[in-house]
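J.: sequence below, structure please.
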Amino acid sequence: MRKRIKSKQTVVRKTFKASGDVSYIIDKALTQLDTLVDFMREVVYGNELPFLIDTRNKRFKRCGYLGVLTTTIPPVSAYDGDLAYSPDLALLFNCLRNHPFQTWAGRNDRGYRYAIDANDFVTTLRREGERINVKRKIKDWRRNVQKNQKRLNDYLDYLFDRYARLMVVRLDLIYHKAAWDEAKEEQVLIRRIKLLDDFVSGKDQSPTDEMEVLVSLREVRQDWLHFHDNMRSKPALFQHLVGHAVRFEFASVAGYHIHAALFFDGSKVQHDEWLAEEIGKYWIKTTQGRGYFFNCNRQKYKRTALGLIDYYDEHKRDDLSFALDYLVKDDQFVRAKTSPKAKLFLTGKISPKAKGWGRPRSHGTLPRSKSIEEEATA
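T.: The predicted model follows:
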């Protein structure tokens, strides 16, 4: 993995090697996201100011954790118009674009004027936060993430209640269109600058329009549906598939791609690395060569959560829940802009008859693909 940084309009890209030795790009809008979330937590739920100012002698002193965090605020150019930010981060960018503090963001030559502007910026954030009731908005935003987390945990418990062992296979399903090239990046950067200009000038921004160089959500969903439907014609691979959890993720330089976790009856299948590789090849075939894949089961992770996991192995089951949290936690602070009905996280169905069944050990059938539109909330 390596990072490349584009000057002026900064884009940080992480490059991975997928099968076929092809590189694909996942970019992140903010490289200091956790720090910004900490900053806004201090702003929204605290009452201190970042600096103690002596106006008579024009001196200032940084105060506490908020004073440290204030220095991490990025310039407004870090805003990505393709993303919908959590209410606290949206408040940060909305206030930053019209406040004198934006001229200090990202600079090192901070002085007395900077401290005054920083204090005023925090005061502005709090005043605007109270006006829009940002605390309530944060609760509403998190409720969707928590709902998906509960859905995922209930689904894993449901599968383990039905099967003594699960074989877990994880794949990133990607597109050649998502591979990095300079021409594509240039188009994306031009578009991002336009969206940024619209944002700074206060123009309304519609949900993400589809660029020809990016992979659209419509394309990815259609390919997943086709891939899922065709599983029935491949019993050698999918006969013992008992469940799935899927995340459609967006990246500004690539468009959409898929993170997929597939669950098999562990008493019926072996060789998870080989199985993942063959499923990846089948993805390439069903997308008629437009797609390729990254086999997560061939990688070494600190917390092993792939391959065979026993019902009674609490340690591995905890690791599995931890590893799959990424399927829902990406929504915690930023999301791709989509229509309200667009679902980015899917699981298989939990049978309403499952409650009170105990732990039968017979293997199930493939979930019906028509449930994709009914499965889980986004």
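
J.: past the longest helix seen in the chain, which element shows up next along the chain?
T.: The residue-count maximum for a helix in the chain (DSSP state H) belongs to helix 134-162. Next helix or strand after helix 134-162 toward the C-terminus (DSSP states H and E): strand 165-175.

J.: what's that following strand packed up against?
T.: strand 12-18, helix 217-229, strand 255-265, helix 272-286, strand 291-295, strand 307-310 (3 or more Cβ pairs under 8 Å, 6 or more residues apart in numbering; DSSP states H and E). Just so you know, the C-beta spots here come from the backbone N, C-alpha and C atoms, and that holds for glycine as well.

J.: again, 6 Å this time
T.: Other elements packing on strand 165-175 under the criterion 3 or more Cβ pairs under 6 Å, 6 or more residues apart in numbering; DSSP states H and E are strand 255-265, helix 272-286, strand 291-295, strand 307-310.

J.: buried stuff in the last one?
T.: When burial is assessed from 16 or more other Cβ atoms under 10 Å, strand 307-310 yields the following buried residues: 307-309.

J.: got it, and the second one?
T.: Residues of helix 272-286 classed as buried under the neighbour-count rule (16+ other Cβ under 10 Å) are 272, 275-280, 282-284, 286.

J.: still on that earlier bit, can you tell which of the helices and strands packed on strand 165-175 is closest to Leu344?
T.: The closest of the helices and strands packed on strand 165-175 to Leu344 is strand 255-265. By Cβ to Cβ, the value is 8.8 Å.

J.: any idea of the mean pLDDT in that closest one?
T.: Throughout strand 255-265, pLDDT has a mean value of 92.

J.: distance from it to the middle of the chain?
T.: 14 Å (Cα atoms, centre = their mean, to the nearest Å).

J.: outline the domain layout of this structure.
T.: 33-132, 145-373 (automatic domain parsing).

J.: could you redo these as a markdown table and give each row distance to Lys139?
T.: Shown next, in a markdown table, are the domains of the chain (distance: least, Cβ to Cβ, whole Å):
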| stretch | distance to Lys139 |
| --- | --- |
| domain 33-132 | 9 |
| domain 145-373 | 10 |
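
J.: lowest-confidence stretch among those?
T.: For the domains of the chain, the bottom mean pLDDT is recorded on domain 145-373, which sits at a mean of 80.

J.: so what's Glu48 up against?
T.: Listed by Cβ atoms under 6 Å, 6 or more residues apart in numbering, the contact set of Glu48 reads 64, 66.

J.: assign it to helix, strand or coil.
T.: With DSSP: H, G, I helix; E, B strand; the rest coil as the basis, Glu48 sits in coil.

J.: so how far is Trp224 from it?
T.: 48 Å (Cβ to Cβ, to the nearest Å).

J.: okay, now Leu214: neighbour count?
T.: 25 (other Cβ atoms under 10 Å).

J.: same question for Arg232.
T.: Counted with other Cβ under 10 Å, residues neighbouring Arg232 total 13.

J.: now swap in the one 4 residues further on and tell me
T.: A count of neighbours around Ala236, defined by other Cβ under 10 Å, yields 7.

J.: next, it: phi, psi?
T.: phi -60, psi -30 (degrees, to the nearest 10).

J.: looking at this protein, which residue lies furthest from center?
T.: Arg56 (48.2 Å; Cα atoms, centre = their mean).

J.: just say helix, strand or coil for it.
T.: coil.

J.: for Tyr112, see how far away it is.
T.: In terms of Cβ to Cβ, Arg56 sits 12 Å off from Tyr112.

J.: go on, Glu48?
T.: 19 Å.

J.: ditto for Gly129
T.: With distances taken as Cβ to Cβ, Gly129 is found 26 Å from Tyr112.

J.: mind listing what's buried in stretch 75-94?
T.: With the criterion 16+ other Cβ under 10 Å, stretch 75-94 contains buried residues 76-94.

J.: looking at those residues, which are in strands?
T.: 83-85 (DSSP state E).

J.: mind putting those residues in CSV, distance to Ala261 included?
T.: Formatted as CSV, those follow (distance: Cβ to Cβ, whole Å):
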residue, distance to Ala261
Leu83, 24
Ala84, 25
Tyr85, 27
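
J.: from these, which is closest to Asp197?
T.: Using Cβ to Cβ, these come closest to Asp197 at Leu83, 16.3 Å.

J.: which non-adjacent residue is nearest the closest one?
T.: The shortest distance from Leu83 to any residue other than its chain neighbours is 4.8 Å, reached at Val334 (Cβ to Cβ, 6 or more residues apart in numbering).
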